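*Asks:* Quick one: sequence and predicted model below, then my questions.
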Amino acid sequence: MKLKKFKFKIVNSTNDIAIRLIKKTNNKFGIIVADKQKKGRGQHGNKWISYKGNLFVSIFFSLDKINMSLKQLTKTNCFLIKKTLAQFCKKKIYIKPPNDLLINKKKICGILQETLKKADSTYFIVGVGINLIKSPHIENYPTTSILELTQNKVKKKIIISELANIYEKFIDKVSKLSLKAVKNL
């Protein structure tokens, strides 16, 4: 299974685009990539600060053949994205439940998950924001970026490719895998 890629220059939110695509098309799987978000969303209705040059993607897929609870999917998403980030930053990455990734006690990545029903199917949307080159100032919540940590600029298309690959493997194999096996993808 290959995720269909949808690329945009500017969007309000990649998750909003995923919702629109699910509602208006027959795509069961996809990845939305944007250079800029005007109204990125975080957890609990918080705004996601979307600096140009950082990564904004949403991955969506049908849950029809996926036999996992939302809690298991949340853990799985954190593991998959953590594994992807670990390829580009060799520092220890921690998961701050339910879905933030931290390095040195500073937020580097946020994940926003949503579900959507269409006809008899349920879709899962995973919005991912990664601070590649610049981190926002958030009061009482330190942030960092890959550039700040490694002094290297990582190409967005490489991370996007790695995210797409790991999610394609996950979606293909999820019906046969346990949560422990997912960590080994």
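*Replies:* Sure, I can see it.
*Asks:* now the strands for this protein?
*Replies:* For the chain, the strands defined by DSSP state E occupy 4-11, 29-37, 55-62, 93-96, 100-103, 106-118, 121-130.
*Asks:* Off-centre distance for the fifth one?
*Replies:* Mean-position distance between strand 100-103 and its chain equals 13 Å (Cα atoms, centre = their mean, to the nearest Å).
*Asks:* now it: mean pLDDT?
*Replies:* The average pLDDT within strand 100-103 is 95.
*Asks:* Likewise for the third one?
*Replies:* Here strand 55-62 scores 95 as its mean pLDDT.
*Asks:* Restricting the selection to alpha carbons, write it to PDB.
*Replies:* The C-alpha coordinates for strand 55-62 follow below in PDB (Å, rounded to 0.1, in the frame of the first residue of the first chain):
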ATOM      1  CA  LEU A  55       7.400  20.200   9.000                       C
ATOM      2  CA  PHE A  56       3.600  20.100   8.800                       C
ATOM      3  CA  VAL A  57       2.000  16.800   7.600                       C
ATOM      4  CA  SER A  58      -1.100  14.800   8.200                       C
ATOM      5  CA  ILE A  59      -1.400  11.100   7.500                       C
ATOM      6  CA  PHE A  60      -4.800   9.600   7.200                       C
ATOM      7  CA  PHE A  61      -6.000   6.000   6.800                       C
ATOM      8  CA  SER A  62      -9.200   3.900   7.200                       C
END
